[in-house]
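Asker: Could you work out the structure for the sequence below:
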Amino acid sequence: MPVASGPKITPLRAIVYTVVSIGLGVGLVFAVVSLAGSDQIEVRLGDDDFNAGDAENLAAEIAERGPVPWAPLSRGRSIWINHIGDDPEKGWFAFDVQSPGAIGDCVVDWDADRKLFIDTCDPGLVYSATGEGLTQFGVWVDDGDLIVDVNANDGP
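Answerer: Just a heads-up that it's a prediction; the model follows:
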């Protein structure tokens with residue numbers, strides 16, 4: 001039984017394949033570099049929302065022990081969650097653990113006696129229980145769960 005021979009590669013075919021391959025490669029590199037320099041690609045790692053759990057239980061814990069730190073969330077962000085008032089559906093605040101422009105390990109810490117947040121690197125920087133002056137994050141209650149939008153913020 002005769003065996004058919006495969007396609008023969010001639011020098012002309014080899015040159016055409018090489019030129020087409022190089023052209024496609026250069027085109028692909030150009031496309032990637034063009035898109036990387038534009039605003040058309042957005043890398044989003046992690047979820048948009050963070051479910052902190054049952055709002056009623058969390059409100060009771062905060063009333064007993066004070067604000068709750070969560071670390072780290074999306075994009076390595078750490079936040080404080082605080083609740084003010086008696087209604088677990090309202091009165092929630094979520095904000096960054098660092099003062100605006102802070103670097104390194106400088107964070108704000110809860111002072112239970114004064115009921116204020118104090119910057120660990122600059123004790124002169126003091127923030128209210130709502131975190132006013134710190135980067136705030138959207139927070140709401142959905143079906144009894146406290147949800148924090150860790151990617152969007154209202155700025156300091």
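
Asker: So, low pLDDT: which residues of this structure?
Answerer: 1-4, 6, 37-48, 72-76, 152-156 (pLDDT under 70).

Asker: can you map out the strands along it?
Answerer: Taking DSSP state E to define them, one finds strands in the chain at 49-54, 68-70, 79-83, 92-96, 108-111, 116-119, 126-127, 136-142, 145-155.

Asker: Relative to the second one, what are the paired strands and their orientations?
Answerer: By that I understand strand 68-70. Using DSSP bridges, strand 68-70 pairs in its sheet with strand 79-83 (antiparallel).

Asker: Can I get the partner strand in PDB? Just the C-alpha atoms.
Answerer: This file holds the C-alpha atoms of strand 79-83, laid out as PDB (Å, rounded to 0.1, in the frame of the first residue of the first chain):
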ATOM      1  CA  ILE A  79     -10.900  49.400  56.400                       C
ATOM      2  CA  TRP A  80     -12.700  50.200  59.600                       C
ATOM      3  CA  ILE A  81     -16.400  49.600  59.900                       C
ATOM      4  CA  ASN A  82     -18.400  51.500  62.500                       C
ATOM      5  CA  HIS A  83     -22.100  51.700  63.400                       C
END
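
Asker: contact partners of that strand?
Answerer: For strand 79-83, the external contacting residues (CB atoms under 8 Å, 6 or more residues apart in numbering) are 52, 58-59, 62-63, 67-71, 73, 91-97, 108, 110, 117, 129-131, 137, 139, 146, 148, 150. (Each C-beta comes from the backbone N, C-alpha and C, glycine too.)

Asker: Okay, angle between that strand and strand 92-96 too, please.
Answerer: Counting by axes from the mean of the first three to the mean of the last three CA atoms, to 10 degrees, strand 79-83 lies at 160 degrees to strand 92-96.

Asker: what about strand 79-83, distance to the chain center?
Answerer: Counting by CA atoms, centre = their mean, to the nearest Å, strand 79-83 is centred 16 Å from the centre of its parent chain.

Asker: and the angle for it with strand 136-142?
Answerer: Interaxial angle of strand 79-83 relative to strand 136-142 (the same axes, to 10 degrees): 50 degrees.

Asker: out of the strands of the chain, which comes closest to Ile15?
Answerer: The closest of the strands of the chain to Ile15 is strand 145-155. By CB to CB, the value is 50.9 Å.
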